[in-house]
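In: Provided below for reference: sequence and predicted model.
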Amino acid sequence: MNRFLRAALVFSSSLKPHLGLAPFAAFSRGRGLSGFVGLQRGLGLRCWAEKTHTERKLVVIVCALSVALFICIMTLGLHYKESHPGMCLSEPCVSVASTVLGALDRSVDPCQDFYNFACGGWVRKNPLPEGKSRWGPFSNLWEHNMAIMRNLLENTSMTSLSKAEQKAQWYYQACMNEMKIEALGAKPLQDLINQTGGWGLKGPWEKDNFQEVLRTVSANFRTSPFFTVFVSTDSKSSNSNIIQVDQSGLGLPSREYYLNKTANEKYLKAYLNYLVELGMLLGGSEETSQKMMQEIIDFETALANITVPQDERRDEMKIYHKIQAKELATLAPAVDWMPFLSAVFAPVALNYSEPVVVYAKEYLQKVSELISNTNKSVLNNYMIMKVVRKMVSILDQRFQDAEQRFLEVMYGTKKSCTPRWKLCTSDTDSALGFALGALFVKATFSEDSKAFVSVEDMVSDIKWAFEDSLKTVSWMDPETKKAAKEKADAIYNMVGYPKFIMNPKELDKVFNDFDVVSDLYFQNVMKYYNFSARVTANQLRKVPNRDQWSMTPPTVNAYYNPTKNEMVLPAGILQAPFYNHAWPKAMNFGGIGVVMGHELTHAFDDQGREYDKDGNLRQWWLNSSVEAFKHQTQCMVEQYSNYSINKEPLNGKHTLGENIADNGGLRAAYKAYINWIEKNGEEATLPALGMTNHQLFFVGFAQVWCSVRTPESSHEGVITDPHSPSRFRVIGTISNSHEFSTHFGCKADSPMNPKRKCELW
């Protein structure tokens, strides 16, 4: 603020008590602004004609100066109000200010450790809940959404429900019928195993039925013993769906658990104990179960040895192989492919020329050899165990207790009794999520229908910001830059929920072939597997449905789909702490705005960038920009690989795509916020924080990622999760942000303001 403006504002403030009618009333009574009244007396009350030329001139000048001064004061007052709009004291503002303040740790210098500054208070006040391996705003909001869904599922007095919505309630009721589930015990699964051909749990098993069992467990029970087979959009021809084959088969979260036996000894031991307990619950002796389950783990270890690490599979151009179905027999002869595919995709008729995309060519060759060289009883026992593991959660309490003991070791969770309604609500969302989602949206957003419109406007703001930033990307050639803008323009936005769920007839049509009863949970799950198999098969060779969602409306998440070039924001995440229409824009842009920017940037991460604006996997960048991109991203690979959690280093290569999205998302959201301010003026600040709204933007972003987690869960995350741990999602991005350091006054070379900053988009 310059010297003249300071003086003017001081002067303006001294007049505040007299604004309105008071100055004019005082003038009429001969009182008020003393300078002007004194001049009046000096000139006398002679009429205008009697005044001298000099006196007339002086009066005109004084009047003109007075008018000019008044205009100046009013203008400066308005300018001050715009640039200092005051404080927001509405209920939502006071409430969110209290939440933000409570999460802060003011004793921490934000330039030294911004995560602890923003989240230290939250971490102190949020010990890990019993039964949880991690906890944060995402999980808290999901619990909130589940409570809403529970009420909707249990409210059987609701009228005008569609048939699909009724099925969701029946499915939930069957899951909650613990008396029936306990009475049946292990029998439903034992019958299933016997119908499939049995296994070596009670004695020697020497049947020659490998192909039949593989077909049954894959087609009827939706397991993926050695590899996974599914229908999805053809990456190189995005207007058609195609059969795809990829690697699969491990019982533990990652190959590292099997291969690094010393570091993961306690997990392997807990896994063996768990499998042995399942074997005994299904009728086997401890000795037989111990021997059989150890053989299964040894076989899974052999699978882990041939499984390709995820960080070596990030270049989809290299791992995409399109062949004809008949060529699978040459690639992996241990499997009788045509009968297998025909069973999995029944009732669709297949032929030998059916196109198939293979994403794990070398793996399939090696797994075929492994199958050929493994005892057939071990193969059978392994396939049946895949089914058993999948069915544990739908059996009686003994099975769930066994699983809980395993998870306590695996993820470090404290023993707890998770309420049955949570399991049943989550499972209903998995099976009939769009029917349940219709109920959820009507209950949650019926009085706030404008929320989705406001969010869609924000998406447009974020998209503009990203595209505008492309102008300053120095490493990309003009031709590729133009194509990148076209791709960003073409991104299809889906906000809230798919429109069909609000139409009862269309919703019922989707679930018409899914028969549900209210008292037989196990049978309902089996029917769901058959139903989902038919839905999958029905999509083969068809044009992908642009409005088909991969997440249900209550989900607290978002995603970007490269083959459809679409960004999806379910209704479940369009709530606090990510979004509230009554909050300052700084909070919304720092919350849901960064989420939007994150998903949009996925279109240009190391994998998404390989897909063009129509969702086709092809080379659409000039080679020079491809090489420049790889050079720029190497900075992030090195940056995040230098972080560690519990002395375990992160894999910057494995997390590269998510790190690119985090950094690009923050930058786009902040730029969009600045653009909003330029159009609308500065907004009121929140009380008690002592923060500018620019600082609030970064704090709001960071507090979305406040979290607590067990060491075991952190270990699993480092190995398997393509996202960096929450702490590094915050400090990794803000340490690359010039704007952050400017608004928090961070000195050069301070931990949050390093000289070397990784910049991409």
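Out: In hand now; what should we look at?
In: For stretch 647-661, what is the distance to the chain centroid?
Out: Centroid separation between stretch 647-661 and its chain, computed with CA atoms, centre = their mean, to the nearest Å, is 16 Å.
In: before we move on, what about stretch 248-265?
Out: Offset of stretch 248-265 from its chain centre (CA atoms, centre = their mean): 26 Å.
In: what about dumping the CA coordinates of it to PDB?
Out: Presented in PDB, the C-alpha positions along stretch 248-265 are these (Å, rounded to 0.1, in the frame of the first residue of the first chain):
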ATOM      1  CA  SER A 248      -3.200 -62.000 -11.300                       C
ATOM      2  CA  GLY A 249      -3.300 -64.700  -8.600                       C
ATOM      3  CA  LEU A 250      -1.700 -63.700  -5.300                       C
ATOM      4  CA  GLY A 251      -3.400 -64.000  -1.900                       C
ATOM      5  CA  LEU A 252      -1.300 -61.200  -0.300                       C
ATOM      6  CA  PRO A 253      -1.400 -57.600  -1.500                       C
ATOM      7  CA  SER A 254       1.900 -57.700  -3.400                       C
ATOM      8  CA  ARG A 255       4.600 -60.000  -4.700                       C
ATOM      9  CA  GLU A 256       7.100 -58.300  -2.200                       C
ATOM     10  CA  TYR A 257       5.400 -60.000   0.700                       C
ATOM     11  CA  TYR A 258       6.500 -63.400  -0.700                       C
ATOM     12  CA  LEU A 259       9.900 -62.500  -2.100                       C
ATOM     13  CA  ASN A 260      11.300 -60.600   0.900                       C
ATOM     14  CA  LYS A 261      10.700 -63.300   3.500                       C
ATOM     15  CA  THR A 262      12.900 -61.800   6.200                       C
ATOM     16  CA  ALA A 263      11.200 -58.400   6.300                       C
ATOM     17  CA  ASN A 264       7.700 -59.900   5.900                       C
ATOM     18  CA  GLU A 265       8.000 -63.000   8.100                       C
END
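In: how much space between the residue nearest in space to the middle of the chain and residue 736?
Out: Nearest residue to the geometric centre of the chain (CA atoms, centre = their mean): residue 557, 3.4 Å. Distance, residue 557 to residue 736, by CB to CB, to the nearest Å: 24 Å. For the C-beta atoms, the positions are set from N, CA and C on the backbone; glycine is no exception.
In: try residue 749
Out: Counting by CB to CB - residue 749 and residue 736 are separated by 15 Å.
In: All the helices of the stretch 151-300 of the chain, in order from the start?
Out: Assigned by DSSP state H, counting those that start in this stretch, the stretch 151-300 of the chain shows helices spanning 163-176, 178-184, 187-196, 210-219, 256-259, 265-281, 286-306.
In: I'd like to know how many residues surround the closest residue to residue 212 other than its chain neighbours.
Out: Closest residue to residue 212 in three dimensions, ignoring its sequence neighbours and counting by CB to CB, 6 or more residues apart in numbering: residue 197, at 6.8 Å. Applying other CB atoms under 10 Å, we find 17 residues neighbouring residue 197.
In: now what about stretch 305-312, what contacts it?
Out: Identification of contacts with stretch 305-312 by CB atoms under 8 Å, 6 or more residues apart in numbering yields 247, 249-250, 255, 258-259, 360, 362-363, 366-367, 370, 651, 653-654, 722.
In: no no, stretch 161-168
Out: By CB under 8 Å, 6+ apart, the residues outside stretch 161-168 that reach it are 153, 169, 428, 432, 434-436, 438-439, 504, 507-508, 510-512, 514, 516.
In: Run through the stretch 1-150 of the chain and note the low-pLDDT ranges.
Out: Across the stretch 1-150 of the chain, the ranges flagged by pLDDT under 70 are 1-51, 53, 55-56, 59-60, 62-85.
In: cool, and the chain?
Out: In the predicted model, the chain carries pLDDT under 70 at residues 1-51, 53, 55-56, 59-60, 62-85, 447-450.
In: So it: which segments form each domain?
Out: What automatic domain parsing lists as the domains of the chain is 3-83, 205-395, 449-498+553-734.
In: how about the strands in the stretch 601-750 of the chain?
Out: For the stretch 601-750 of the chain, the strands defined by DSSP state E, counting those that start in this stretch occupy 644-645, 648-649, 708-709.
In: Which strands and helices lie in contact with the last one?
Out: Packed against strand 708-709, as judged by 3 or more CB pairs under 8 Å, 6 or more residues apart in numbering; DSSP states H and E, are the following elements: strand 134-135.
In: Relative to the strand it packs on, what are the paired strands and their orientations?
Out: Strand 134-135 pairs in its sheet with strand 708-709 (antiparallel), by DSSP bridges.
In: still on that earlier bit, show me which of the contacts of stretch 305-312 is closest to residue 446.
Out: Checking the contacts of stretch 305-312 against residue 446 with CB to CB, the nearest one is residue 722 at 36.1 Å.
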